[in-house]
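S.K.: coordinates only, sequence not included:
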Ligand SMILES: Nc1ncnc2c1ncn2[C@@H]1O[C@H](COP(=O)(O)OP(=O)(O)OP(=O)(O)O)[C@@H](O)[C@H]1O
């Protein structure tokens, strides 16, 4: 969970008047943005949406989270703590109290928040606002009643078996749509860099909302790589991301392929905690797919209730996404089309791919040869 400044040198102290004027104009731009947010919120309320966004006071967030009470805490990471809370009108929220960024100026923080605030899609976690008072830097989001996909596949909710095939397909398509929006429609385009089951949150209807976007570095439209690596979970990282310490949209596609296999099979990306190979789930699924034993990839918790054609579609696109060679992976727009069954031509191409001929072997590096 990281927020990255978009321009260099912003943290330098003011040295002359021109810098001061520059900051003042940025602050004015930020105020304008807040006004815009206000009017957007208003119009969204008029449309019946319950999602509103504003600047929160620390007092308000103290009151919402019972003074950041331990009982309200739902997570703790290297970048801060996550709290469940309730606003005065009963709306449930999640507050991320950042510790790492607490020394960042309000200006820097506001500039990053500006980007987060502008990214809206039905499959992205709704951002409600922020608070920057003194050393405190907090971000406020919609609360997702059904928590994370991880909780349902491997965590506290797993025994309830609430994810039937229909829900899994909807989660696959929804999360793909959210990431496609980040990659191709957000301005500037955003590489997520941390796609994993913990970052796919589920609302009351089990609709997927991609979370934690915008913490990674934002990319200009023309850029194709990032220059730093960020924290991710083992098994989701694209091979080139590990070695070159940079990320592209193709790295997200790779992680999404792993996520799709996890969603379909209920297996973890890397089964044994001591395992260091990143492609374990792909290797397992690939061997079965090559022998056309798609049914065996399905999560046993589904009790055999799934659509065979959809399962095959998800597995084929997942394996295509998690190809070792970045240039052979599809774009997220293509992934959405295939998952929705809108790209029959591409699907049959995938099905006939020489990868799935029985004589194909997987090298020790997990490379399909
Ligand atoms: N908006 C939300 N609604 C419901 N639960 C949430 C929300 N945001 C986060 N959570 C839950 O809170 C917990 C902590 O979230 P957080 O994003 O800090 O950590 P994480 O995703 O587990 O780890 P990381 O810091 O590696 O991304 C997770 O279990 C997550 O599912």
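M.R.: Thanks, I have the structure now. This structure is a prediction, so every number in the text was calculated from the model and none was measured.
S.K.: count the residues that sit near residue 79.
M.R.: Counted by other Cβ atoms under 10 Å, the residues lying close to residue 79 total 18. Any C-beta I mention is one placed from the backbone N, CA and C, and that applies to glycine too.
S.K.: do residue 205 as well
M.R.: Residue 205: 9 neighbours (other Cβ under 10 Å).
S.K.: distance of it relative to the ligand?
M.R.: 14 Å (Cβ to the nearest ligand atom, to the nearest Å).
S.K.: go on, residue 157?
M.R.: 11 Å.
S.K.: in which helix or strand would I find the nearest residue to that residue once chain neighbours are set aside?
M.R.: Excluding its sequence neighbours, the residue lying closest to residue 157 (Cβ to Cβ, 6 or more residues apart in numbering) is residue 151, at 4.7 Å. According to DSSP states H and E, residue 151 maps onto helix 149-153.
S.K.: do the same with residue 209
M.R.: strand 208-210.
S.K.: what does that strand contact?
M.R.: 123-126, 142, 144, 149, 170-171, 174-175, 178-179, 182, 192, 195, 199-203 (Cβ atoms under 8 Å, 6 or more residues apart in numbering).
S.K.: which stretches of the stretch 1-150 of the chain form strands?
M.R.: 54-55, 73-77, 80-86, 92-98, 127-133, 136-142 (DSSP state E, counting those that start in this stretch).
S.K.: CSV for those, including mean neighbour count and mean pLDDT?
M.R.: Output for the strands of the stretch 1-150 of the chain, formatted as CSV (neighbours: other Cβ atoms under 10 Å; pLDDT from 0 to 100):
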stretch, mean neighbour count, mean pLDDT
strand 54-55, 15, 82
strand 73-77, 14, 87
strand 80-86, 19, 95
strand 92-98, 21, 94
strand 127-133, 21, 90
strand 136-142, 22, 92
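S.K.: right, and those - which one's nearest the ligand?
M.R.: strand 73-77 (2.1 Å; Cβ to the nearest ligand atom).
S.K.: near the ligand at all, that closest one?
M.R.: Yes - for strand 73-77, a contact with the ligand is found by Cβ under 6 Å from any ligand atom, at 74-75, 77.
S.K.: go ahead and confirm residue 186 touches residue 119.
M.R.: Yes - in this structure, residue 186 is within contact of residue 119 by Cβ atoms under 8 Å, at 5.0 Å.
S.K.: same for the helix holding residue 151, what does it pack against?
M.R.: Judged by 3 or more Cβ pairs under 8 Å, 6 or more residues apart in numbering; DSSP states H and E, the packing partners of helix 149-153 are strand 200-202, helix 249-265.
S.K.: do me a favour and get the end-to-end distance for stretch 298-312?
M.R.: Start-to-end span of stretch 298-312 (Cα to Cα, to the nearest Å) is 10 Å.
S.K.: for the record, mean pLDDT for it?
M.R.: Stretch 298-312 carries an average pLDDT of 96.
S.K.: quickly list what the nearest residue to residue 81 once chain neighbours are set aside is bridged to.
M.R.: Nearest non-adjacent residue to residue 81, counting by Cβ to Cβ, 6+ apart: residue 97, 5.1 Å away. Beta-bridge pairing of residue 97 under DSSP bridges involves residue 81, residue 138.
S.K.: contact partners for residue 97?
M.R.: 68, 80-83, 136-138.
S.K.: whatever residue of the stretch 251-369 of the chain ends up closest to the ligand: neighbour count?
M.R.: When you check the stretch 251-369 of the chain against the ligand by Cβ to the nearest ligand atom, the closest residue turns out to be residue 255, at 12.7 Å. Per other Cβ under 10 Å, the neighbour tally for residue 255 reads 28.
S.K.: same check on the one 3 residues further on?
M.R.: Neighbouring residues of residue 258 were enumerated by other Cβ under 10 Å; the total is 29.
S.K.: quick check: it touching residue 234?
M.R.: No - the pair residue 258 / residue 234 is not scored as a contact, 10.3 Å apart, by Cβ under 8 Å.
S.K.: which residues do these two both contact?
M.R.: Taking Cβ under 8 Å, 6+ apart as the criterion, residue 258 and residue 234 both touch residue 269.
S.K.: excluding chain neighbours, what is closest to the residue of the stretch 151-300 of the chain found nearest the ligand?
M.R.: Nearest residue of the stretch 151-300 of the chain to the ligand, counting by Cβ to the nearest ligand atom: residue 198, 3.9 Å away. Spatial nearest neighbour of residue 198, chain neighbours left out: residue 150 (4.4 Å); criterion: Cβ to Cβ, 6+ apart.
S.K.: for the chain, what lies in contact range of the ligand?
M.R.: 1, 74-75, 77, 82, 94, 125, 141-144, 147-148, 198-199, 201, 211-212.
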